[in-house]
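In: Here is my input, please return the structure:
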Amino acid sequence: MVIEAWHRFCLYIREGTTFNISKLESDMTFTKRLLALVTLSAFAAPAMATTISVEDHEIVGQYLGEGDSYTVYHDLTDYGIPTDYEVVGARIVLGFIDDWVLDGAEYARIATEGARRTVEVGSGIFGISIERLRVGGAGIDSLNLDGTLAVTVTALRRGFGYGDFYWGTSSLHARATAVPAPATLLLLGMGLAGLGFAGRRKVAA
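Out: Numbering: from 1, shown residues only. Model (predicted):
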């Protein structure tokens, strides 16, 4: 609309046409309102879009025989995540090591709140494997409630494999976004309301 108003003004000047002053004033009023909204959004956007990354790393070092389970608890509050931030996404990264016994494929079930996955472990170079699991909605809720997340690994047997391996490490990688402060929302709301009121007054006039 701003470009259109400028283009119309240039055509008037080039053609020497007597133009409608009230129409031009209307276009300029819209331009001022648009610039005010853009400026207001520029001040409000940083507070509404700030995102930080928070990580928690645990050295597990736990041997799991067939049918064994072990649980690790991650706690983001250990790293001082601000209270006015909320977690919007997270994933866990687990490291496994084979027991070096030639007993076939070995499998583990990884489970956390809202997500689970069965993987073959120890299949990488030197019997090391890295597995990833995206945290589900229930896990995100838990992190926002008290900052903690429980991760459980169970050794399974499948076919000719024997589920025995070492669970070496567990890492939680989370993204948190700043919750807009009430004052920021109030400022944005007042700005939008003011622009709307100005528009109604122009129509009434």
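
In: which residues does Val60 contact?
Out: If you count contacts by CB atoms under 8 Å, 6 or more residues apart in numbering, Val60 has them with 70, 72, 167-170. For glycine as for every other residue, the C-beta is placed from the backbone atoms N, C-alpha and C.

In: Find the pair from these with maximum spatial separation.
Out: The span of the contacts of Val60, defined through CB to CB, is set by Tyr70 and Thr169 at 12.7 Å.

In: In JSON lines, list the contacts of Val60 along with secondary structure, neighbour count and distance to Ile81.
Out: Shown next, in JSON lines, are the contacts of Val60 (DSSP: H, G, I helix; E, B strand; the rest coil; neighbours: other CB atoms under 10 Å; distance: CB to CB, whole Å):
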{"residue": "Tyr70", "secondary structure": "strand", "neighbour count": "15", "distance to Ile81": "26"}
{"residue": "Val72", "secondary structure": "strand", "neighbour count": "21", "distance to Ile81": "19"}
{"residue": "Trp167", "secondary structure": "strand", "neighbour count": "23", "distance to Ile81": "26"}
{"residue": "Gly168", "secondary structure": "strand", "neighbour count": "16", "distance to Ile81": "26"}
{"residue": "Thr169", "secondary structure": "strand", "neighbour count": "16", "distance to Ile81": "21"}
{"residue": "Ser170", "secondary structure": "strand", "neighbour count": "23", "distance to Ile81": "18"}
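
In: pLDDT added to those, as TSV?
Out: Listed next are these as TSV, based on pLDDT from 0 to 100:
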residue	pLDDT
Tyr70	98
Val72	97
Trp167	96
Gly168	95
Thr169	97
Ser170	97
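
In: Out of these, which is nearest to Ser129?
Out: Nearest to Ser129 among these is Gly168, at 9.8 Å by CB to CB.

In: Isn't that closest one up against Asp99?
Out: No - the criterion here is CB atoms under 8 Å, and Gly168 misses it with Asp99 at 11.9 Å.

In: which stretches of the chain aren't confidently modelled?
Out: Across the chain, the ranges flagged by pLDDT under 70 are 1-49, 80, 101-104, 124-125, 158-162, 181-205.
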